[in-house]
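Visitor: Sequence plus predicted model, see below.
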Amino acid sequence: MDYEQMSKNERMAKLKNLVEKQNFFFHSGQTRNISFRLEQLKLLKSKIKAYEDKINQALRKDLNKSLLEVYATEIAMVYGEINHTVKNLRSWAKPSRVKTPLSHFGSTGYIYPEPYGLALIISPWNYPFQLVICPLAGAIAAGNCAIIKPSELCPNITGVIAELIQECFPEEYIAVVEGGIETAKALLAEKFDYIFYTGSPAVGKIVMEAAAQNLTPLTLELGGKSPCIVHNDADLSLAAKRIVWGKCINAGQTCVAPDYLLVHKNIKEKFLENIKNAIQESYGKDVTNNEDFPVIINDRHFQRLVAYLENGQVLTGGRYDEKRRFIEPTVIDQVNWNCPIMQDEIFGPLLPVMEYEDLSEVFKMVNDRPKPLALYFFSNNKNLQNKVINNISYGGGCINDTIFHLVSPYLPFGGVGNSGIGSYHGKSSFDTFSHKKSVLHQTTLFDLPARYPNFKYALKVFRMLFH
Ligand code: NAD
C-alpha cells in the first residue's frame, strides 16, 4: 500500500488509526517481556534468511549491488546485530544498581531501562535494508512498537521490506509505511515516543523541528564530508587499497565513505599512483566492463555527479554511462574549497585530492567546516594519530582503515554537530531506544532527621555533607 497515492485526508486518517492501534498494543504490556522480544528478534532473523534471494534481486534492481556487496554490507551487518543483541539482551535489560551517597544512607539506587513506546524509523536509500533493520532490531530489543518509513527512491527493496515485515509481525506491533515526502511529513505530525531518522542534514532539521512539537526524543544519523588524511609515513599501497575499497563500495553512496583526500605533499604523486593501481586490482583494468559495480540511484544524482567532473583535473577515471547510471571510480586533482565538489557531500565514486605540508593545516581546514561523520587517518606514528583524534571533532572513524569502525557492534556509531545526534549499534541501539528510569528505594527501618526543618542541627549536617 503506497500512502503517497492517497488523498491527504485518507493518508492522515489511516496513519492516525495505525498509531492508535500501536499505542493500544504497546499498553497491553506484551513487549515488556524479554522472552517476547527475543522471540521477535529470532523470528525476524529467520524471515530474513528465507528472504535472502528476494533481497538480492531487489538490491540488484535498485542499485546493481552484487551478491557479495549485498551480503557484506546489508545482510551480514543485520545478522551480526541481531546475533549480538540476542546474546546480550537479558543482561542489558536488567535494572542496574548504582551507588548512593552518604546523604542517602539506608537507600539503594536502581536504573531501569524501559521502552519509550512507539518508535518512528525513517530511513534513506543507500543501504536501504540494513538502515531499516538494524535500528528496528534495537527498537524491538528495547521493547518498543515501531513504524518504519523506508525510502521511496529504492522501490524494489522497500516493497520487499514491507512484505517481509508484514509476514513477520502484526501491524499493531511493527508496520511498514510505504511512501515519499508527504507520507513522512504526515507521520511526523503524529505523536511518537521516539524518532530515529537516517538521512541528510537538511531533512534532519525538518525532522527535529517536527519532533520539537511533541518534545519527542530523537536520534539523527546524518551525513557530510568525511576527510581521509594520508600522512607521509603511511603504508601507501595498503592505504590506497583500503581507501579505494571504502570509496567504491556502493559506488561511493555511503554516508561514511572517504569524501575527499588530504595527502601529504611529499608522497602525493606516489600515493596517487597506488590509488590508480588499487582501482585496477579491485575492479579490473577497465571498470566500465565490471558488471557488479553499483550504479547511481537516480538521474538527478547521476547528473549532479557528472557535473562535478568539470571540477579540477581528472587524474584517473572520468568515464560514465548515462543509460545505466554508471560512473567509474575517478580521482580528481587540482581542486580547492571553492569548487562545487568541495561544497557538499559527494555521495558517488569521485575522489578529489588536496595536499598539505603540515598537519596543523589539516586541523584548520577540517575544523573550519561542519563536523564530519567520519574521519580516516593513515599514519604509523602513534603521536600523530593521537594528535588527530584530539584536535578534530568528528562522529567516529579509523586509524589506517576506512568504514570498518561502523561494523563493530562494540563501537557506538553516530555523528556530532552537523553529522548527527546520538548513536546506535550493539548495546548503543538498546540504550538509544530505552528510557533510563532512575528510582531510589528508601528504607523504612529508620528515618534520618537531618532534612527536616524541626531538626536543630539540620543546617550543620548539610554544611558538613556538602561543602
Ligand atoms: P533524505 O534526507 O533525502 O531522505 C531520507 C528519508 O527522509 C527518506 O525516507 C525520505 O522519504 C524522507 N524525507 C525526505 N524529505 C523529507 C521531508 N521534507 N520531510 C520528511 N521526510 C523527508 O536522504 P537520502 O537522500 O535518502 O540519503 C542520503 C543522505 O543520508 C546522505 O546525506 C547520507 O550521508 C545520509 N546517510 C546517513 C547515514 C548514517 O548512518 N549517518 C546512513 C546513510 C545515509
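Guide: Here it is on my side, so go on. Source: prediction; values computed, not measured.
Visitor: can you tell me which residues contact the closest residue in space to residue 257 that isn't next to it in sequence?
Guide: Closest residue to residue 257 in three dimensions, ignoring its sequence neighbours and counting by C-beta to C-beta, 6 or more residues apart in numbering: residue 247, at 5.6 Å. Placement of C-beta: from N, CA and C, glycine included. If you count contacts by C-beta atoms under 8 Å, 6 or more residues apart in numbering, residue 247 has them with 257-258, 329, 349, 351, 402.
Visitor: Just give me the closest of the residues you listed to the ligand.
Guide: When those are compared for distance to the ligand (C-beta to the nearest ligand atom), residue 257 comes out closest, at 8.5 Å.
Visitor: Can you tell me the SS state at the closest one?
Guide: Secondary structure, DSSP: H, G, I helix; E, B strand; the rest coil: residue 257 is coil.
Visitor: residues contacting it?
Guide: Going by C-beta under 8 Å, 6+ apart, the list of residues near residue 257 reads 226, 246-247, 249-250, 346-347, 402-403.
Visitor: Recalculate using a threshold of 10 Å.
Guide: Under the criterion of C-beta atoms under 10 Å, 6 or more residues apart in numbering, the neighbours of residue 257 are 126, 223, 225-226, 228, 243, 246-251, 345-349, 351, 373-374, 376, 402-403.
Visitor: ok, now residue 66?
Guide: Taking C-beta under 10 Å, 6+ apart as the definition of contact, the neighbours of residue 66 are 56, 59-60, 72, 290-294.
Visitor: I'd like those residues laid out as TSV, including distance to the ligand and neighbour count.
Guide: Listed next are these as TSV, based on distance: C-beta to the nearest ligand atom, whole Å; neighbours: other C-beta atoms under 10 Å:
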residue	distance to the ligand	neighbour count
56	20	20
59	15	27
60	19	18
72	16	14
290	24	16
291	25	8
292	21	13
293	20	23
294	14	24
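Visitor: among the helices and strands of this protein, which one scores worst on average pLDDT?
Guide: Sorting the helices and strands of the chain by mean pLDDT, DSSP states H and E puts helix 458-465 at the bottom, at a mean of 89.
Visitor: So what's the gap between that one and the chain middle?
Guide: Centroid separation for helix 458-465 versus its chain: 49 Å, with C-alpha atoms, centre = their mean, to the nearest Å.
Visitor: interface residues of the stretch 1-150 of the chain facing the ligand?
Guide: Proximity of the stretch 1-150 of the chain to the ligand, by C-beta under 6 Å from any ligand atom, involves residues 122-126, 131, 149.
Visitor: Just these: which are in helices?
Guide: Restricting these to those inside helices, with DSSP state H as the criterion, leaves residue 131.
Visitor: and of the residues of the stretch 1-150 of the chain next to the ligand, the nearest to the ligand?
Guide: Distances from the ligand to those, taken by C-beta to the nearest ligand atom, are shortest for residue 124, at 3.0 Å.
Visitor: any idea how far residue 251 is from that closest one?
Guide: Distance check for residue 124 against residue 251: by C-beta to C-beta, to the nearest Å, it reads 15 Å.
Visitor: In terms of neighbours, single out the busier of these two.
Guide: Ranked by neighbour count (other C-beta atoms under 10 Å), residue 124 and residue 251 place residue 251 first, with 28 against 23.
Visitor: so how far is residue 377 from the residue nearest to the more buried one when sequence neighbours are not counted?
Guide: Distance criterion C-beta to C-beta, 6+ apart; nearest residue to residue 251, sequence neighbours excluded, is residue 294 at 4.1 Å. Spatial separation of residue 294 from residue 377 under the definition C-beta to C-beta is 27 Å.
Visitor: what sits against whichever residue of the chain sits closest to the ligand?
Guide: For the chain, the residue closest to the ligand is residue 223, as judged by C-beta to the nearest ligand atom, at 1.9 Å. Shown here is residue 223, whose contacts under the criterion C-beta under 10 Å, 6+ apart are 124, 126, 198-202, 204, 254-257, 259, 344-345, 347, 372-374, 395, 415, 418-420.
Visitor: could you pull out the helices for the stretch 1-150 of the chain?
Guide: 8-27, 34-63, 67-70, 76-93, 130-141 (DSSP state H, counting those that start in this stretch).
Visitor: Kindly reformat those helices as a markdown table containing mean pLDDT and distance to residue 411.
Guide: As requested, those are exported to a markdown table (pLDDT from 0 to 100; distance: least, C-beta to C-beta, whole Å):
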| stretch | mean pLDDT | distance to residue 411 |
| --- | --- | --- |
| helix 8-27 | 97 | 30 |
| helix 34-63 | 98 | 21 |
| helix 67-70 | 97 | 22 |
| helix 76-93 | 98 | 12 |
| helix 130-141 | 98 | 13 |
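Visitor: before we move on, the earlier item: could the contacts of residue 247 be laid out in JSON lines, adding distance to residue 457?
Guide: Formatted as JSON lines, these follow (distance: C-beta to C-beta, whole Å):
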{"residue": "257", "distance to residue 457": "65"}
{"residue": "258", "distance to residue 457": "65"}
{"residue": "329", "distance to residue 457": "76"}
{"residue": "349", "distance to residue 457": "74"}
{"residue": "351", "distance to residue 457": "72"}
{"residue": "402", "distance to residue 457": "64"}
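Visitor: filter the residues you listed down to the ones near the ligand?
Guide: Among the contacts of residue 247, no residue lies close to the ligand (C-beta under 6 Å from any ligand atom).
Visitor: Which among those residues count as buried?
Guide: Among these, those buried by neighbour count (16 or more other C-beta atoms under 10 Å) are 257-258, 329, 349, 351, 402.
Visitor: what residues does the stretch 251-400 of the chain put near the ligand?
Guide: Listed as neighbours of the ligand in the stretch 251-400 of the chain under the rule C-beta under 6 Å from any ligand atom: 255, 345, 373.
Visitor: switch the cut-off to 8 Å
Guide: Residues of the stretch 251-400 of the chain found near the ligand (C-beta under 8 Å from any ligand atom) are 253-256, 297, 345, 347, 373, 395.
Visitor: Let's see if you can find the most crowded of the residues you listed.
Guide: Counting neighbours by other C-beta under 10 Å, the top entry in those is residue 373, with 30 neighbours.
Visitor: So what's the residue count around the closest residue to it other than its chain neighbours?
Guide: Excluding the flanking residues, the one nearest residue 373 by C-beta to C-beta, 6+ apart is residue 419, at 3.7 Å. The number of residues packed around residue 419, counting by other C-beta under 10 Å, is 28.
Visitor: Give me the pLDDT for residue 419.
Guide: Reported pLDDT at residue 419 in the predicted model: 98.
Visitor: May I ask you to confirm that it is in contact with residue 397?
Guide: No: contact between residue 419 and residue 397 fails when scored by C-beta atoms under 10 Å: they sit 11.1 Å apart.
Visitor: Need the overlap of contacts for the two.
Guide: Contact criterion C-beta under 10 Å, 6+ apart; residues bridging residue 419 and residue 397 by contacting each: 226, 256, 372-374.
Visitor: Take the residues you listed and keep only those in strands.
Guide: With strands identified by DSSP state E, the entries of these that belong to them are residue 374.
Visitor: Which parts of the stretch 101-250 of the chain are strands?
Guide: Listed from the start of the chain, the stretch 101-250 of the chain has strands (DSSP state E, counting those that start in this stretch) covering 108-115, 118-122, 145-149, 174-176, 194-198, 218-221, 227-230.
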